[in-house]
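Novice: with the sequence up front, the predicted model follows.
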Amino acid sequence: MQPLGTKLRQQRRQLSMTLDDLATRTGISKPYLSLIETGRVPNPPSDEKLRALERELGFTAGELVSQANLQRTPMAVRTMLNDLLHETPDTGAGTGTASPAGDPQLSRLIQQLAEKRDGTLELPTSAIPVINTVSTGYPRDFRGLEYPMTVATEFVACPDVKDKDAFAVRIVGDKMIPRFCEGDIVIFSPGLTARSGDDCFVRCTDGHCAFKRVFFEHDELGVPIYRLQPRNTNYRATLVPTDRVAALYRAVYCCHWVDPE
């Protein structure tokens, strides 16, 4: 499958449209469009943005959304779909090639996948679920450690992390720069005890989640509190009573894009 960014750039150039033109027509910023076209965003854009791109660039309705959904699908599922394509007699007379994104045949294959695999998905033991995208922000319905597998947009591999409950999050915003930048993928290990000064994924009792450096402190009355400190010095710390924090998950690994330029 042709990369989404390459596909967009070729279509835009065929229409003699500049990035400024496309940004004006879609409401998507020029810098973000450039990142998409060069493949430097870790996850496909939102469906809303993709539909706007479909409309302005003349793609078939749903074409880009379908391709993005396939890209978001965990590799293990894509492998199973590929197996089914080769095993199903009516998928192109044995050519071994998949039908275009959005074809009804894909729906039939997914149904076959559900029936054949009995609804189970076997993932490598090193597969760690990534539970958010930059566009969706940090999850607000993270209520327990059964959450990640059910909402993962994709998976990353990190053999050194043995915690079965480990999960990963894409960094949103600039509050943790320069150590963590937007789009970086950080892996957290709930099996490790958080210490004062650790970078942690903070899950609050009201459903709010954040990634901050956490310090264990006391207020003027001696009551224990957490100081949630952004690494970016342009932001202030937040003082939170300990009973408002449901869990602290300690960061153990960070994956980030290394710009070849």
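Specialist: Here it is on my side, so go on.
Novice: how is this protein carved up into domains?
Specialist: By the assignment in automatic domain parsing, the chain contains the domains 4-71, 73-117, 127-255.
Novice: start and end of the first one, how far apart?
Specialist: Just to be clear, that refers to domain 4-71. Using CA to CA, to the nearest Å, one end of domain 4-71 lies 9 Å from the other.
Novice: is D160 part of a helix or strand, or is it coil?
Specialist: Secondary structure, DSSP: H, G, I helix; E, B strand; the rest coil: D160 is coil.
Novice: per-residue confidence for the nearest residue to it once chain neighbours are set aside?
Specialist: Sequence neighbours aside, Y253 is the residue nearest to D160 in space, at 7.5 Å (criterion: CB to CB, 6 or more residues apart in numbering). Where C-beta positions appear, they are placed from N, C-alpha and C, glycine not excepted. Y253 is assigned 92 on the pLDDT scale.
Novice: residue boundaries of the strands in this structure?
Specialist: Listed in chain order, the strands found in the chain under DSSP state E are 127-130, 154-157, 167-170, 185-189, 198-204, 209-218, 224-229, 238-241, 245-255.
Novice: in the protein, which residue is most central in space?
Specialist: In the chain, the residue lying closest to the centroid (CA atoms, centre = their mean) is T133, at 3.5 Å.
Novice: for it, which non-adjacent residue is closest in space?
Specialist: N43 (4.7 Å).
Novice: A251 now?
Specialist: D199 (4.3 Å).
Novice: repeat that for I131.
Specialist: Closest residue to I131 apart from its sequence neighbours, by CB to CB, 6+ apart: P148 at 4.9 Å.
Novice: great, nothing more from me.
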